[in-house]
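Trainee: coords please:
(chains A, B and C, ligands or ions: 2)
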Amino acid sequence: MRRAVIAFTAFLGGLIFLLAVPAQAAAPDQGLRGTLKLQGQPVNGVKIVVTTEGGQPVKEVTSNAQGAWEVPVDKPGKYKVTLDVKTLPPNAVIRGGNAVRTPTVFSGNVSTVLFALQPKGAAGQPTAEEGGETSPFLDQAAQLTFEGLNLGLIIALAALGLSLIYGTTGLTNFAHGELVTMGALLAYMFNVGFGLHLIPAAVIAVIAGGALGYLQDRLFWGQLRRRGTGTIAMMIISIGVALFLRYVFLILFGGQNESFAQYTAQPGIEIGPISAAPKNFVAMGIELAVLVIVGVALLRTRTGKAARAVADNPALAASSGINVDRVIRIIWTTGGAIAALAGIMLGLSQNLKYTMGQDILLLIFAGVTLGGLGTAFGALVGSLVVGLFIQVSTLWVPPELKSVGALAVLIIVLLFRPQGILGRRERIG
Amino acid sequence: MDWITIISTTVKSAIGVETVLYALAAIGINIHFGYTGLLNFGQAAFMGVAGYGLAVTVTVLNLPFWIGIAVGLIAAVLLALLLGAPTLRLRADYLAIVTIAAAEIVRLVFRSVKFKEVFGGSDGQRGFSDGFYALNPFPEGEYGIGWFTFSHRLLWIMLVGWVLVAISCGIVYLLMRSPWGRVLKAIREDEDAVRSLGKNVFSYKMQSLILGGVIGSLGGFVYGLAYASVQPDVFGTETTFFAYTIVILGGAARVLGPVVGSMIFWVLLVLVNGVLSEAVQAGYIPFMTSIQVGPVRYILVGLGLILLLIFRPQGIFGDKREIAFDVR
Amino acid sequence: MSAETTAANTVSERKAAALAAFKDLARDPGVPKPDPILVVDGVVRRFGGLTAVEVDHVEIQRGSITALIGPNGAGKTTFFNQLTGFDTADAGKWTFNGNNMSGVPAHRVARAGMVRTFQLTKALSRLTVMENMRLGAQHQRGENFWRALVPGSWRAQEDAITEQAEDLLARFKLDAKREDFAGSLSGGQRKLLEMARALMVKPELVMLDEPMAGVNPALTQSLLGHVKDLRDQGMTVLFVEHDMDMVRDISDWVIVMAQGAIIAEGPPDTIMSDSRVIDAYLGAHHDAPLSDSELQEQLHQAEAALEAEIEEETQK
Ligand SMILES: Nc1ncnc2c1ncn2[C@@H]1O[C@H](COP(=O)(O)OP(=O)(O)OP(=O)(O)O)[C@@H](O)[C@H]1O
Ligand SMILES: [Mg+2]
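Mentor: Ligands and ions are numbered 1, 2, ... in the order given. Modelled structure (predicted):
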């Protein structure tokens, strides 16, 4: 069987090579299109205005969630395409500064209009492609390792909660990413909406995240557990919850990218080969501190030990006098709070968006699964591995495909260690 | 409000292209999840590799339509083998995570700039459906009565689509009444027990994954041909989750469940969408804009999924005793 | 009448043969048997620091009923898991009918004629009793994907299988339940069903993991009868049991496990007076209700594991 699979893989590889031969694609009608990306991330909600060469308006569109936009035109000819710079995310500028393009559209062809975006004050965060030419390999590797650690710590924050919830309740929570988004959006609401400074706003958001975690368990998941809902049914319910919340966020928040009012375009500082904005150092410090605190609490406090006992065997823990419901509620509260923190940190280092949790959810799952489902410390190790791998792999793979590498590693690790890095095998019989 | 449009689009959607392609995807998932208990969250990838297999073969390699279909089917089988080999020995929740990750890998590769020459980046590929429509037996024109009409192109793809649905249901019907289907259902209940009775569980799971994947991939063809294009983001995880909702709505492990589920699902979505956007346009709902109508359908699906699993996990027509997955 | 007498004769012959085979054997662990169907060498299974199974050598006599006893957590179930391919042993070799079985996947072990049941019953709940039974039959044409699509190709065989299943169900007094979902059966009935289903495989060696646990005394008697029947039909039976009365009643030979190792073997009426066995059981709550003692055992293990884990973490 395995040999057959290897043979097929080789065959598929060959097929891909065959397909890689470039050729001309025929498109039926004509138009203009483009994709807006900032550091490999799509940028949506940007207004693009298309007029004829003479200035007759043709159409106004905004880029979609994938950063893409498209305007069909009736006649071939020359057109004027203007990008409305006011609708760009606050931290982005057009490379070269020129917001107008005048492409020619040929009959039956869709021509692509390029607007290259770069971060404002790009010195702080050199992109992998740009750094590639100037700095020597090792410097860049160090830089990417640093960025990978940063990402890994954020993933670890979210993964810890997910893993503990899985361990204690058996729920594979596909809506955990939405807890992350919720934290970021709440902080944004207090920060930009109510004009609070980001630090108090973040504190409130984390507390609110904890409260929402508590309520979610109290009013929803806890009730389902009491009804005896099976784990697979709960998993599918969590998918429903994720869809529901995500699009409620879209309606309330909109589809655009935002950033916090403070600490957005910090000038970078250099430490050895690493250059990063000061906020990144502070963020990593906070993330590390929180992870250590939660880790120590798991090991040392009564509740922490109880939590791990429940994760090990809920029925047994209950019969030995642990209040399982209380433990689970504490875990949901903590999980909600640290997921909110993860969201805020993510919003700080990247952008705020209604899909930010969904986008990172798979990486969280990858971290948790790599470590072994349900083991708290496994989730930490796994997340750091995933974060590091994603960033460092951009030394060799294009940044747009960096998640592919991490997910592929997940699959490969499971091939050799189905129970994850720190997981245990189940007993049979 | 334009009730004729609302009603006509709703009625048409009961047998429309979306209904067909999601029914095919859901029949596949029903084989995986409903009968075998495999949580394949990567169904969208099966549709994707099929659609792209066809598109790339025809547009990039300039080969005929039939070869494109063959390439798409082979790609779906290969994907099943690649996905299945590492995951089918794992617990159900690992399988879910790995398949969703694999589907995401497939989507990211399709939309990447690196492979733009082959897959067309985020715009996808188009212009590969001529071979299919050249076979169209219906002369050009509109068919139907009153507002219940379809263009000759639509009629052709719908005819082919429904024939595929019928064949798939027939195959599922035959298989699930056979000893082969009995092994699948037993694996869903307890795979160790099946192993102890001398059945090669891995092989059966793989067969199930391939069969369901191939049937799902037919949905990918239907999409590509009906819209004469494929884009990477059509094959995202939300497509898979829609198909799951459909399976549960119609009743898991019922032969016609996915078909009935798909019809109800799309009728409801199209109806709600039509009523809402008309109402917003007419100014009846002052606090909503027409852009906000789009997300509402996802909110409804999410809510529907939650409520279904809590209150009617057996689906609309199902029997509580025969519910195929473990709700308790 | 005469047929019955012959049957009765063969029965007593089989039992006598089995007893004769064991007559002059030493009481040492791993003692060689005259005609072993299963020969095990050096099987080791560790879970972290815990050595659950460490069996040097053991042989199972063909055509006999052998009991495997031992305190809770002795490693009996784990040993079964290794032998039947449900778990991978860290070391060891074993042969069944002379064929190497180590590293062979579970389904091949079953096909070779070595079929087990599980301590925690595995009824296939949402299949009917009859479907459960049919599943056990081997070499089914309709289990091939392509032939499954052509009902004509497997119908005849299916009818034969159904007939066979009906016979067995009648013997196990489950015939009235044939169209019920297996999930609706009582615990004891599930045990019966699992045993009957295993027999559908037509095994040479049946390995029963606590077949009587949770079965009421009346039913136990009939189960005991079934197990004896198996030997009388020429099968070999290896079973795990905690109730010594039952062991004494039906087994021809007893193997005692403690802390993963085989510590003694012997005939059922004298084994419990063996000093090694008394030592092994001393302090173990072997005659307390099973569920309780098991829970106790698990509790201790969980605590130990937790402590070990904490220790490990703090040392980091
Ligand atoms: N998957 C596993 N992971 C860790 N430890 C295990 C696992 N399976 C079994 N063990 C341990 O191995 C030891 C032997 O267990 P086993 O189930 O084989 O005992 P047993 O003899 O069948 O007991 P009982 O009579 O109570 O059924 C126990 O200490 C048990 O905790
Ligand atoms: Mg046991």
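
Trainee: all contacts plus neighbour counts: C-alpha atoms, from now on.
Mentor: OK.

Trainee: pLDDT on stretch A:276-291, on average?
Mentor: Mean per-residue pLDDT for stretch A:276-291: 87.

Trainee: swap that for stretch A:220-236, sorry
Mentor: pLDDT averaged over stretch A:220-236 gives 89.

Trainee: now swap in stretch C:30-44 and tell me
Mentor: Stretch C:30-44 comes out at a mean pLDDT of 89.

Trainee: Off-centre distance for that stretch?
Mentor: Relative to the chain's own centre, stretch C:30-44 is displaced by 16 Å; criterion: Cα atoms, centre = their mean, to the nearest Å.

Trainee: ok, that stretch near ligand 1 or not?
Mentor: No - Stretch C:30-44 lies out of reach of ligand 1 by Cα under 6 Å from any ligand atom, never closer than 11.5 Å.

Trainee: what about the strand or helix carrying A:Val327, average pLDDT?
Mentor: Using DSSP states H and E, the element containing A:Val327 is helix A:324-349. Averaging pLDDT along helix A:324-349 gives 92.

Trainee: tell me which residues of that helix are tucked away?
Mentor: A:324-325, A:327-349 (16 or more other Cα atoms under 10 Å in any protein chain shown).

Trainee: Mind giving me the packing neighbours of that helix?
Mentor: Judged by 3 or more Cα pairs under 8 Å, 6 or more residues apart in numbering or on different chains; DSSP states H and E, helix A:324-349 is in contact with helix A:137-169, helix A:176-188, helix A:198-215, helix A:278-300, helix A:302-312, helix A:314-319.

Trainee: repeat that for 7 Å
Mentor: Judged by 3 or more Cα pairs under 7 Å, 6 or more residues apart in numbering or on different chains; DSSP states H and E, helix A:324-349 is in contact with helix A:137-169, helix A:176-188, helix A:198-215, helix A:302-312.

Trainee: Is chain C within reach of the longest one?
Mentor: No - contact of helix A:137-169 with chain C is not found when judged by Cα under 7 Å from any Cα of the partner chain; the minimum separation is 14.6 Å.

Trainee: For ligand 1, what's the nearest residue on the stretch 251-400 of chain A?
Mentor: Residue nearest to ligand 1 within the stretch 251-400 of chain A (Cα to the nearest ligand atom): A:Asp312, separated by 11.3 Å.

Trainee: What sits closest to that residue if chain neighbours are left out?
Mentor: A:Gly167 (7.3 Å; Cα to Cα, 6 or more residues apart in numbering or on different chains).

Trainee: Could you point out the helix or strand that follows the lowest-mean-pLDDT helix or strand in chain A?
Mentor: Within chain A, no helix or strand scores below helix A:2-19, which has a mean of 40 by mean pLDDT, DSSP states H and E. Counting by DSSP H and E, the next helix or strand C-terminal to helix A:2-19 is strand A:31-35.

Trainee: For whichever helix or strand comes after that following strand, name the packing helices and strands.
Mentor: Once the chain leaves strand A:31-35, the next helix or strand it forms, by DSSP H and E, is strand A:37-38. Of the remaining helices and strands, those touching strand A:37-38 by 3+ Cα pairs under 7 Å, 6+ apart are strand A:117-119.

Trainee: can you rerun that using 10 Å?
Mentor: Here strand A:37-38 touches strand A:92-94, strand A:117-119, going by 3 or more Cα pairs under 10 Å, 6 or more residues apart in numbering or on different chains; DSSP states H and E.

Trainee: returning to what we had before: hey, which of the helices and strands packed on helix A:324-349 is tucked in deepest?
Mentor: helix A:176-188 (a mean of 29; mean count of other Cα atoms under 10 Å in any protein chain shown).

Trainee: Pull the distance from it to the chain's centre.
Mentor: 11 Å.

Trainee: mind checking the SS state of the one residue in the stretch 51-200 of chain C that gets nearest to chain A?
Mentor: With Cα to the nearest Cα, the shortest gap between the stretch 51-200 of chain C and chain A falls at C:Phe118, namely 5.2 Å. Following DSSP: H, G, I helix; E, B strand; the rest coil, we place C:Phe118 in the coil state.

Trainee: So what's the residue count around it?
Mentor: 23 (other Cα atoms under 10 Å in any protein chain shown).

Trainee: Provide a list of residues in contact with it.
Mentor: C:Phe118 makes contacts with A:428-429, B:192-193, B:196, C:77, C:80-81, C:191, C:194-195, C:207-211, as judged by Cα atoms under 10 Å, 6 or more residues apart in numbering or on different chains.
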